[in-house]
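A.B. asks: Build me a model from this:
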Amino acid sequence: MNGIKPRLLIFINTLQSGGAERVVSLLLEHLKNDFEIHLALYTRIIDYKIPPEIRILDLKQPLDQPRLFRLFTIPFLARKVYKYCKKNEIRITVSFLKRPCYISALMKSWWGFKGKIIMCERTHLTTLLQNQSAVYRAFSRFMVKYSYKRANLVLTNSYAMQTDLVEHFNIKTPVTVIYNPIDLKYIQIHKTEPSGLVFDKGVFHFVNVGGFRREKNHHLLLQAFYIIKHLPCKLVIVGGGVMEEGLRQKVSDLGMGEKVIFTGFVNNPFKYVNQSDCFVLSSEVEGFPNVLIEALACGKPVISTDCSSGPRELLAPSTDLHHRAINNYEIGEYGILTPVNDITALAAAMKRIYEDRELRDQFASRATERARQFDVEEIKQYFHVAFSGL
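C.D. replies: Got it, this is the predicted structure:
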């Protein structure tokens, strides 16, 4: 390449708190020496630290636009991104999440972008869409097929998602799996920072990290914790979002104000995870949950719902990845899996991990070893090949 870095545009809605957003922030930092990276944001919200040399295209779009208005603006935003790429001689674009993918597809089909387009799917679409209206499901399926047909490569972060796209959406574009990376070195350094929160001695602390969105199913977590609230334990919830007021009200209604702690969103959730005894994920749907890997990197036992993609590949990789936990919890090699939306099973798993010191120690002893397999220094090479090999 004669010493000239390839120019790369990474496109995502925002760099607000979230798994895909954290992945993008890691890629910006760890690929900046190999590519001249430009960052396109639907809305300029940046919670993660990014290198100063990254050039930013801010599309200045409100996140709370009505759906029809968002749809109407896609062709105009596609033209804006196309003109930016043309002006800056960018020949490769990488889109994360739905709107950026739709915009990138129109940039190619309407405005004639001649470069290579990579689209990154971060959730299990069939599961995500099953609770939506018939009209929304039909529109989403059409847009996914329309967009991915115009990509040169689709990246997913789990094999279950790859299978879902090929079998249920009939995607013919090459689909490659690259797991989400974590910055193990960063986590090891920052997990020991003071949290400012008093973790009472003799009290077992469960912890959850994630945005307050419906698919994260915090209500399930609160209901399961209610069943075991008589035990000497507390629940620390790290994150923020539009559902926070409702969750706080739920805690109050259940009379758990002294047992549940909300920390708000923080850039360093690891300091809370490190001081806790067990990490719990209660999601209805995931792609490949970073928070589970990050909890393992902190050396913690983990409990997770066995949603359609991600947790089983991470916690029970030697099992049939199409299998799902039903009726009761399942002990995997690296953590416990529980059926989705099963309050009783989740509560039973939390009680088991509280009572069984031997099992906790067994999980903790394997945790960092498992997390190391997802370190950004291991994973970035796969992104580098994907981005430069087209």
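A.B. asks: alpha carbons only for contacts and neighbour counts from here, please
C.D. replies: Will do.
A.B. asks: domains in this protein, as residue ranges please.
C.D. replies: Using automatic domain parsing, the domain parsing of the chain gives 7-181+376-388, 184-372.
A.B. asks: Make TSV out of these and add mean neighbour count.
C.D. replies: Supplementary listing: the domains of the chain in TSV, determined by neighbours: other Cα atoms under 10 Å:
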stretch	mean neighbour count
domain 7-181+376-388	18
domain 184-372	19
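A.B. asks: would a markdown table of the ones you listed with mean pLDDT be doable?
C.D. replies: Conversion of the domains of the chain to a markdown table gives the following (pLDDT from 0 to 100):
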| stretch | mean pLDDT |
| --- | --- |
| domain 7-181+376-388 | 93 |
| domain 184-372 | 95 |
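A.B. asks: For the stretch 1-150 of the chain, which segments count as helices?
C.D. replies: 19-31, 67-87, 98-109, 125-129, 134-149 (DSSP state H, counting those that start in this stretch).
A.B. asks: hmm, who's touching the fourth one?
C.D. replies: If I follow you right, that is helix 125-129. Arg137, Met161, Asp164, Leu165, His168, Val285, Ser308 (Cα atoms under 8 Å, 6 or more residues apart in numbering).
A.B. asks: Switch those over to JSON lines; also include secondary structure and distance to Thr14.
C.D. replies: JSON lines is the format used below for those (DSSP: H, G, I helix; E, B strand; the rest coil; distance: Cα to Cα, whole Å):
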{"residue": "Arg137", "secondary structure": "helix", "distance to Thr14": "24"}
{"residue": "Met161", "secondary structure": "helix", "distance to Thr14": "23"}
{"residue": "Asp164", "secondary structure": "helix", "distance to Thr14": "26"}
{"residue": "Leu165", "secondary structure": "helix", "distance to Thr14": "24"}
{"residue": "His168", "secondary structure": "helix", "distance to Thr14": "28"}
{"residue": "Val285", "secondary structure": "coil", "distance to Thr14": "21"}
{"residue": "Ser308", "secondary structure": "coil", "distance to Thr14": "25"}
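A.B. asks: Phe212: which of the residues you listed is nearest?
C.D. replies: Within these, distances to Phe212 taken as Cα to Cα reach their minimum at Val285, with 13.5 Å.
A.B. asks: before we move on, the earlier item: tell me the one among the contacts of helix 125-129 nearest to Val376.
C.D. replies: In terms of Cα to Cα, no member of those lies closer to Val376 than Met161, at 20.8 Å.
A.B. asks: Quick one: residues contacting the closest residue in space to Glu244 that isn't next to it in sequence.
C.D. replies: Leaving out its chain neighbours, the residue that sits closest to Glu244 by Cα to Cα, 6 or more residues apart in numbering is Phe212, at 6.2 Å. The contact partners of Phe212, taken as Cα under 8 Å, 6+ apart, are His218, Gly239, Gly240, Gly241, Val242, Met243, Glu244.
A.B. asks: thought Asn157 was touching Val177?
C.D. replies: Yes. Under the contact definition of Cα atoms under 8 Å, Asn157 touches Val177, with a separation of 5.4 Å.
A.B. asks: Secondary structure class of Asn208, three-state.
C.D. replies: With DSSP: H, G, I helix; E, B strand; the rest coil as the basis, the three-state label of Asn208 is strand.
A.B. asks: For it, which non-adjacent residue is spatially closest?
C.D. replies: Nearest non-adjacent residue to Asn208 (Cα to Cα, 6+ apart): Ile237, at 4.9 Å.
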